Every structure is written in structure tokens, then in C-alpha cells.
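Asker: Build me a model:
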Amino acid sequence: MYQEEHLEKAFRHLEKEVNELKIETKLSETERLKSLFTTYARCLGIGCAMQLWQQLDGINTAMYYGPDILIAAGVKVNGLDKEESALLLNIPLALVNAIGTLISCFVIDSFGRRYIILRTMPGAAIGWLVVSVGMLLTLSPDTA
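Answerer: Numbers count the residues shown, from 1 in each chain. From the prediction side, this is the model:
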């Protein structure tokens, strides 16, 4: 059923792992931690960078300062003052955030975190550039 060279390759791989484990069990706790860190440094770095990106991508800023951004942009609903309009128009932002989170909960297992974050990162960056340029264009000369 299996080719002999495939079995030999798998056996060599397992033998190598067993030898590494034998060496690691002879190491002190500090040496073992150092070995683990050097082995998984890249994974740790990528994981930390992804968490950093998720915190710095700005969704918390959009949710917290959404009404202020809408007020500064001068967006208004007829019949409401600026503050009421901004709060009312912030509801779709919260709804889109909730829908996006719900969708990602269902597709994260089939696509994976890496796939999703690499596909959504450009959209987030473009969105923030559009908001920044829009805020810059609506900025009055006396506040600049």
C-alpha cells in the first residue's frame, strides 16, 4: 500500500524527532526554554504582529470617534441636529462591524486567520486613507 521509500522517510523523520527529544530532556529548564524560543521565534513574532495589527488597525477608533468624525465631516440628517445625526448614522457602522464579525466567526475555520487578514488588510488601509483624505478636505482653514 505504501511505498517503501515513503515509509523510510517517515521513519527517519520520527527517529530525528526522538533524538531531539532525548537531547532536550537532558537540557536544563533555561536551556529548554531557550531552545523552544529559538524554534518558535518566527511563529511567535508573526502571532504578536497579527495581534498588534488587530489593535492598531483602527476599528476601535472608528467605533469610538465615529460620531465625532461624522460631525467634523458635516454629515447631517434632515430634521436632526448634528449630534443626533452623528449618533443615528453611527448605527450602520456598528451594524456592519457586527455583521463582519459574525461572518468571520463562521468562515475562519474554513479559510484560516492568515487568509482572512491578508484579504481584508488592504481594504482597511484604503478605508482609513479615504477617511483621512475626507477629513483633510473638510478641515476648515482656521482649525488647520
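
Asker: immediately after the biggest helix by length in the chain, which helix or strand?
Answerer: Assignment by DSSP state H gives helix 82-111 as the longest helix of the chain. Downstream of helix 82-111, the next assigned helix or strand under DSSP states H and E is helix 113-138.

Asker: Could you check the angle that next one makes with helix 82-111?
Answerer: 160 degrees (axes from the mean of the first three to the mean of the last three Cα atoms, to 10 degrees).

Asker: chain center to helix 113-138: distance?
Answerer: 13 Å (Cα atoms, centre = their mean, to the nearest Å).

Asker: same for that helix, what does it pack against?
Answerer: Contact analysis of helix 113-138 by 3 or more Cβ pairs under 8 Å, 6 or more residues apart in numbering; DSSP states H and E lists helix 29-56, helix 59-73, helix 82-111 as its packing neighbours. Every C-beta, even on glycine, is put in place using the N, C-alpha and C of the backbone.

Asker: try 7 Å this time
Answerer: helix 59-73 (3 or more Cβ pairs under 7 Å, 6 or more residues apart in numbering; DSSP states H and E).

Asker: residues in contact with the helix it packs on?
Answerer: 82-83, 86-87, 89-90, 93-94, 97, 131, 134-135, 138 (Cβ atoms under 7 Å, 6 or more residues apart in numbering).

Asker: Throw those residues into JSON lines and include neighbour count and pLDDT, thanks.
Answerer: Below are the contacts of helix 59-73 laid out as JSON lines (neighbours: other Cβ atoms under 10 Å; pLDDT from 0 to 100):
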{"residue": "82", "neighbour count": "15", "pLDDT": "85"}
{"residue": "83", "neighbour count": "12", "pLDDT": "86"}
{"residue": "86", "neighbour count": "21", "pLDDT": "87"}
{"residue": "87", "neighbour count": "15", "pLDDT": "86"}
{"residue": "89", "neighbour count": "19", "pLDDT": "88"}
{"residue": "90", "neighbour count": "18", "pLDDT": "88"}
{"residue": "93", "neighbour count": "16", "pLDDT": "83"}
{"residue": "94", "neighbour count": "12", "pLDDT": "88"}
{"residue": "97", "neighbour count": "14", "pLDDT": "85"}
{"residue": "131", "neighbour count": "15", "pLDDT": "79"}
{"residue": "134", "neighbour count": "13", "pLDDT": "80"}
{"residue": "135", "neighbour count": "12", "pLDDT": "76"}
{"residue": "138", "neighbour count": "12", "pLDDT": "73"}
